[in-house]
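Peer 1: Sequence isn't available, so here's the structure alone:
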């Protein structure tokens, strides 16, 4: 059994060892010139037929594209499925029993790889959605000493931060980035759980990009609790290149409970490259008093402030939808601890009915939002340091 995520999966040891004498092996060993190496990284293939496999404890069932039997093994905290796309090495997926932070998980795996090879570059190449849940795909290119000198390698990674049974997959072989993404997306789309989770009333997935290159996602779910109460769960992650072979990661989780008078309580956690930026709990006392406790940058934090009606994301969406046929400006006080943990910020929404747009101003940050005919935001853009940052909807289901 391969090592757990906590020790980096011992990644190159976990991956199936390259076969000797196969066409794929010969191609890899023969690639020496830049052109040959690039051709190696550009390889693609059709997927084999799907085979069904189950968790040893029956917790999940999925369809895996594989030209041989899917081998599933169990450990205390996860189950591991190994299957073959017909490539030189096999693809491995880890199904966790507990929630994981996507950025931290990727960082731990890359740390394990760096102990075995020299990582040259790492970046996101695709963000998609399966069952209304985001899936981020990354590729890391590395060099490792072989019998014929240094050989180029490529590690494909996929991470899906499901609230139940989160999944991490990898394929350690040059090329097949598209095939890997299709295989993992298809498998996740087919995944069924013995004990399915509570379905949200509304859900959406956004992909974040800079100058057209994806770097993260945002995932929002709303659960209607009845009697005017609701719970929203927001999960986001970013993976930004930070120099040769380096990746800066961020994970953010927010759980907010609201009623007709606004935000009741919430928890807000942000982790930057493995370090906790903030971990806070907010609660309402009385009609407009709020208390915040927790930690900010490792230090104890306590704060109090007043706000007449603190909105969550859904309340902000409803504000835009209600006014999207007008040309008007609305201002709200909103709590965003990544910008200011001590007090809410003034956020303005300038709606333009003719342009079907909204300009959102939060401090120095300005976002231009494109609206659908129904007044739903489906794209946000901003210019930062001369670069275009864009957020686009790739999945939306239900009503809020």
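Peer 2: Sure, I can see it. What you see is a predicted model; the values in this text were computed from it and never measured. Residues are numbered from 1 along each chain as shown.
Peer 1: low-scoring stretches of the chain, by residue?
Peer 2: 1-32, 146-149 (pLDDT under 70).
Peer 1: which residues in the stretch 101-250 of the chain form strands?
Peer 2: 118-130, 133-146, 149-160, 167-172, 192-193, 202-210, 213-226, 229-241, 247-259 (DSSP state E, counting those that start in this stretch).
Peer 1: Could you point out which of these sits nearest residue 67?
Peer 2: strand 167-172 (14.2 Å; C-beta to C-beta). (Each C-beta comes from the backbone N, C-alpha and C, glycine too.)
Peer 1: same for the closest one, what does it pack against?
Peer 2: helix 11-14, strand 91-96, helix 102-114, strand 149-160, helix 177-190 (3 or more C-beta pairs under 8 Å, 6 or more residues apart in numbering; DSSP states H and E).
Peer 1: Could you rerun that using 6 Å?
Peer 2: strand 91-96, strand 149-160 (3 or more C-beta pairs under 6 Å, 6 or more residues apart in numbering; DSSP states H and E).
Peer 1: Mind listing what's buried along the host helix or strand of residue 295?
Peer 2: According to DSSP states H and E, residue 295 maps onto strand 289-296. By neighbour count on 16 or more other C-beta atoms under 10 Å, the buried set for strand 289-296 is 290, 292, 294, 296.
Peer 1: Those residues into TSV, with extra columns for distance to residue 188?
Peer 2: Output for the buried residues of strand 289-296, formatted as TSV (distance: C-beta to C-beta, whole Å):
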residue	distance to residue 188
290	38
292	36
294	33
296	35
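Peer 1: Return the member of the residues you listed nearest to residue 51.
Peer 2: Using C-beta to C-beta, these come closest to residue 51 at residue 294, 46.5 Å.
Peer 1: That closest one and residue 277 touch, don't they?
Peer 2: No: between residue 294 and residue 277 there is no contact under C-beta atoms under 6 Å: 11.2 Å.
Peer 1: partner strands of the helix or strand harbouring residue 397, parallel or antiparallel?
Peer 2: Assigned by DSSP H and E, residue 397 falls within strand 387-398. Strand pairing for strand 387-398, determined by DSSP bridges: strand 202-210 (antiparallel), strand 377-384 (antiparallel).
Peer 1: who wins for proximity to residue 258 among the ones you listed?
Peer 2: Here strand 202-210 is closest among the strands paired with strand 387-398 (C-beta to C-beta), at 13.3 Å.
Peer 1: what's the angle between that closest one and strand 133-146?
Peer 2: 40 degrees (axes from the mean of the first three to the mean of the last three C-alpha atoms, to 10 degrees).
Peer 1: For residue 378, which non-adjacent residue is spatially closest?
Peer 2: residue 393 (4.5 Å; C-beta to C-beta, 6 or more residues apart in numbering).
Peer 1: Any figure for the gap between the one you found and residue 170?
Peer 2: 28 Å (C-beta to C-beta, to the nearest Å).
Peer 1: Then residue 308?
Peer 2: 49 Å.
Peer 1: And residue 78, by the same measure?
Peer 2: From residue 78 to residue 170 the distance is 14 Å (C-beta to C-beta).
Peer 1: Tell me which of the two has more neighbours.
Peer 2: residue 170 (25 against 21; other C-beta atoms under 10 Å).
Peer 1: For the more buried one, give me its contacts.
Peer 2: Residue 170 makes contacts with 92, 157, as judged by C-beta atoms under 6 Å, 6 or more residues apart in numbering.
Peer 1: again, 7 Å this time
Peer 2: 11, 92, 155-157 (C-beta atoms under 7 Å, 6 or more residues apart in numbering).
Peer 1: cool, and residue 230?
Peer 2: Residue 230 neighbours (C-beta under 7 Å, 6+ apart): 222-224, 258, 314.
Peer 1: what does residue 222 give?
Peer 2: 200-202, 230, 232, 314, 400.
Peer 1: The nearest residue to it once chain neighbours are set aside: what's it in contact with?
Peer 2: Leaving aside its sequence neighbours, residue 222 sits nearest to residue 202 (C-beta to C-beta, 6+ apart; 4.2 Å). Going by C-beta under 7 Å, 6+ apart, residue 202 touches 222, 398-400.
Peer 1: picking that back up, beta partners for the residue nearest to residue 378?
Peer 2: Bridge pairing for residue 393 - DSSP bridges - gives residue 206.
Peer 1: do the one 5 residues further on as well
Peer 2: When bridges are called by DSSP bridges, residue 398 pairs up with residue 202.
Peer 1: Was I right to think it contacts residue 200?
Peer 2: Yes: contact criterion C-beta atoms under 7 Å: residue 398 and residue 200 qualify, at 6.4 Å.
Peer 1: The two: which is more packed in?
Peer 2: Using other C-beta under 10 Å, the more surrounded residue of residue 398 and residue 200 is residue 200, with 20 against 14.
Peer 1: for that one, what are its contacts?
Peer 2: 221-223, 398.
Peer 1: State the pair within these that is farthest apart.
Peer 2: 223 and 398 (10.3 Å).
Peer 1: Residues in contact with both of the two, list them for me.
Peer 2: 200-201.
Peer 1: re earlier: what pairs with the strand holding residue 295, parallel or antiparallel?
Peer 2: strand 275-285 (antiparallel), strand 299-306 (antiparallel).
Peer 1: Please identify the most buried of the ones you listed.
Peer 2: Highest mean neighbour count of the strands paired with strand 289-296: strand 275-285, a mean of 17 (counted as mean count of other C-beta atoms under 10 Å).
Peer 1: quick one, that one and strand 247-259 angle?
Peer 2: Going by the same axes, to 10 degrees, strand 275-285 makes 10 degrees with strand 247-259.
Peer 1: got a list of contacts for strand 275-285?
Peer 2: Contacts for strand 275-285 (C-beta under 7 Å, 6+ apart): 263-271, 290-298, 301, 335, 337, 341.
Peer 1: Same question for stretch 43-61.
Peer 2: By C-beta under 7 Å, 6+ apart, stretch 43-61 touches 62-67, 70, 72, 74, 79, 81, 85-86, 95, 165, 174-176, 178-179, 182-183, 191-194.
Peer 1: any idea how far stretch 37-45 is from the chain center?
Peer 2: 26 Å (C-alpha atoms, centre = their mean, to the nearest Å).
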